[in-house]
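**Student:** coords please:
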Amino acid sequence: MDEGSKRSADDKKVKFKQNGAGSKKKNIIWILLITIISFFTSAVLSWAASDVLKVVDILTAFLVILFIVLVNIIADTIGTAVTAANETPFHAMASRKLYGAKQAIRLIRNADKVSNVCNDVIGDICGVISGVAGAYIIIRIIGEKSEITLAELVITGLIAAVTVGGKALGKIIAIGNSNYIVYKVGVVIRFLTGNTYKSKKKGLKRNYGNKK
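**Tutor:** Numbers count the residues shown, from 1 in each chain. Take a look at the predicted model:
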């Protein structure tokens, strides 16, 4: 028997430390919060999608589905990239004060929450809305019939195929370019929150100067 395949006598003593993922209380609060947000967001967007799709034509409905599937794929790609990214190079970038580096570090340090929002919350919500839009198109094409038709099978199959195939491609891209994707997302976040951050900083300086 090969020595490498023999079981060491100390194997039973080996213990693995749990990865740091925040306190138990904070995790429970996050789970409850994201569950409630997902419920209300999904319900509201499904209701809004139903109302909007009632007044548009079939081509517009197809474009809506395509857009929703694209959002789903992009969000899933970002969620995968964040979990696969390496934090180390971003510290050097942050020390050189590169635009968006600090935001990228925050994304990686909160990878569990970011991936939960991108992969699960956005993914499920987009799945629900695309299902509503698909059902609308089917009703417009074949009417409210009880039996399953070829059009229904084709439409639902296409939605599922494009979504699954797009996510598979997105995961490959995300794993191979995780740091680049996370940095670009950090740049976007920095751009969107930059003005707010600057105004708060100026407000703090103004208040501090008044106190003097």
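**Student:** can you name the element that comes right after the strand or helix carrying Ala75?
**Tutor:** Ala75 is part of helix 58-84 when elements are defined by DSSP states H and E. Following helix 58-84 in sequence order, the next helix or strand is helix 88-95 (DSSP H and E).
**Student:** what's the mean pLDDT across that next one?
**Tutor:** For helix 88-95, mean pLDDT is 92.
**Student:** hey, which helix or strand in the chain has the poorest pLDDT?
**Tutor:** helix 178-211 (a mean of 71; mean pLDDT, DSSP states H and E).
**Student:** grab the nearest non-local neighbour of Leu53.
**Tutor:** Tyr136 (4.4 Å; C-beta to C-beta, 6 or more residues apart in numbering). All C-beta atoms are positioned from the backbone trio N, CA, C, and that covers glycine.
**Student:** and the gap between that neighbour and Asp120?
**Tutor:** 25 Å (C-beta to C-beta, to the nearest Å).
**Student:** more neighbours: those two, which one.
**Tutor:** Tyr136 (20 against 15; other C-beta atoms under 10 Å).
**Student:** nearest residue to the residue nearest the centre of the chain other than its sequence neighbours?
**Tutor:** Residue closest to the mean C-alpha point of the chain, counted by C-alpha atoms, centre = their mean, is Cys118 at 1.1 Å. Distances taken as C-beta to C-beta, 6+ apart put Gly79 closest to Cys118, at 3.1 Å, once the chain neighbours are dropped.
**Student:** ditto for Lys54
**Tutor:** Lys54's closest residue in space is Tyr136 (C-beta to C-beta, 6+ apart), at 7.7 Å.
**Student:** just to revisit the earlier point, surely the residue nearest to Leu53 meets Asp51?
**Tutor:** No - using C-beta atoms under 8 Å, Tyr136 is not in contact with Asp51; the gap is 10.8 Å.
**Student:** Asp76: neighbouring residues, count only.
**Tutor:** 24.
**Student:** for it, give me its contacts.
**Tutor:** 118-119, 122-123, 167, 170-171 (C-beta atoms under 8 Å, 6 or more residues apart in numbering).
**Student:** farthest pair in those?
**Tutor:** Ile122 and Lys171 (15.0 Å; C-beta to C-beta).
**Student:** returning to what we had before: so how far is Val182 from the residue nearest to the centre of the chain?
**Tutor:** For Cys118 relative to Val182 (C-beta to C-beta), the value is 12 Å.
**Student:** overlap of the contact sets of these two?
**Tutor:** 78, 82.
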